[in-house]
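Colleague: coords please:
(chains A and B)
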Amino acid sequence: KAGVTQTPRYLIKTRGQQVTLSCSPISGHRSVSWYQQTPGQGLQFLFEYFSETQRNKGNFPGRFSGRQFSNSRSEMNVSTLELGDSALYLCASSLVSGVADTQYFGPGTRLTVL
Amino acid sequence: AQTVTQSQPEMSVQEAETVTLSCTYDTSENNYYLFWYKQPPSRQMILVIRQEAYKQQNATENRFSVNFQKAAKSFSLKISDSQLGDTAMYFCAFITGANSKLTFGKGITLSVRP
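Modeller: The predicted model follows:
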């Protein structure tokens, strides 16, 4: 079974621009979660999507948004980029939502904001 | 509040020796899973081992085993016969049935010396 895939793997943007990251979960997995990893803050939860609905949201500004499609693929969007948005963005998938379940991670997207 | 504490920022071990990584956590939930994830220099987050909180038996996966002390909220990882490929950052994390987000510790950098 193919693992979680994320595209693109690397991105360089300038302040004020917007960016869209994509995540395809493991086949059969319907829950997709997004995390931001930075050296200073560590791993922080952004949001989770299940059945095209946002089920859970972390403590991030409204510039961070996401969506999920009927095939469970998910996209994350960051508008009006700031230097502090430079990070590794990790996507994880699991079978279901609302229960304790194992999350499997993709390779991440490295975003650099100049 | 749900927290994970990894108090050792880094450790070093000789190849073929055994090393134990410590982790404590705090949650008021009864239904949760605990994990150790490995993040090598490639930045891919890899699941090492999982422990369901309702199971008393400690989980094992080949050279990796855990010491799960539920009352003490302690969850340590033992790596036996350390290999050079074990060099990575290791994160302790848990997920509850109340929400589907992983709560991570700050991680520990493990170096395996030849």
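
Colleague: which parts of chain A sit against chain B?
Modeller: By the rule C-beta under 8 Å from any C-beta of the partner chain, the part of chain A lying against chain B is A:31, A:33, A:35, A:42-43, A:45, A:48, A:50, A:55-56, A:58, A:88, A:90, A:92, A:94, A:97-105, A:107-108, A:110. Heads up, the C-betas are built off the backbone N, CA and C, glycines and all.

Colleague: which of these fall in strands?
Modeller: Taking DSSP state E as the definition of strands, the residues of chain A next to chain B contribute A:31, A:33, A:35, A:42-43, A:45, A:48, A:50, A:55-56, A:88, A:90, A:92, A:94, A:104-105, A:110.

Colleague: is it possible to mark the buried ones in the residues you listed?
Modeller: Taking 16 or more other C-beta atoms under 10 Å in any protein chain shown as the criterion, what is buried in those is A:31, A:33, A:35, A:43, A:45, A:48, A:50, A:55-56, A:88, A:90, A:92, A:94, A:104-105, A:110.

Colleague: dump the residue contacts of residue 113.
Modeller: If you meant another chain, say so; for now it's chain A. Applying C-beta atoms under 8 Å, 6 or more residues apart in numbering or on different chains to residue A:113 gives the contacts A:13-15, A:81-86.

Colleague: other chain: chain B
Modeller: Residue B:113 is in contact with B:12-15, counting by C-beta under 8 Å, 6+ apart.

Colleague: out of the residues you listed, who's nearest residue B:98?
Modeller: For the contacts of residue B:113, the minimum distance to residue B:98 (C-beta to C-beta) is 36.3 Å, reached by residue B:13.

Colleague: and that closest one, what element?
Modeller: Mapping residue B:13 onto the secondary structure by DSSP states H and E places it in strand B:10-14.

Colleague: touching chain A at all, that strand?
Modeller: No. Applying C-beta under 8 Å from any C-beta, one finds strand B:10-14 out of contact with chain A, separated by at least 14.1 Å.

Colleague: give me the buried positions along the next helix or strand after that strand.
Modeller: Counting by DSSP H and E, the element after strand B:10-14 in chain order, helix or strand, is strand B:19-21. Neighbour counts using 16+ other C-beta under 10 Å place B:19, B:21 of strand B:19-21 among the buried residues.

Colleague: for strand B:19-21, packing partners?
Modeller: In terms of contacts (3 or more C-beta pairs under 8 Å, 6 or more residues apart in numbering or on different chains; DSSP states H and E), strand B:19-21 is packed against strand B:10-14, strand B:74-79, strand B:108-113.

Colleague: which residues touch that strand?
Modeller: With contacts defined as C-beta under 8 Å, 6+ apart, strand B:19-21 is touched by B:6, B:8, B:11, B:13, B:36, B:67, B:76-79, B:82, B:90, B:92, B:108, B:110.

Colleague: which of those residues are buried?
Modeller: With neighbours counted by 16+ other C-beta under 10 Å, these contain buried members at B:6, B:13, B:36, B:76-79, B:82, B:90, B:92, B:108, B:110.

Colleague: now the residues you listed in CSV, with distance to residue A:24 and pLDDT?
Modeller: Listed next are the buried ones among the contacts of strand B:19-21 as CSV, based on distance: C-beta to C-beta, whole Å; pLDDT from 0 to 100:
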residue, distance to residue A:24, pLDDT
B:6, 31, 97
B:13, 37, 97
B:36, 25, 98
B:76, 34, 98
B:77, 30, 98
B:78, 35, 98
B:79, 32, 98
B:82, 34, 98
B:90, 27, 98
B:92, 27, 98
B:108, 31, 97
B:110, 31, 98
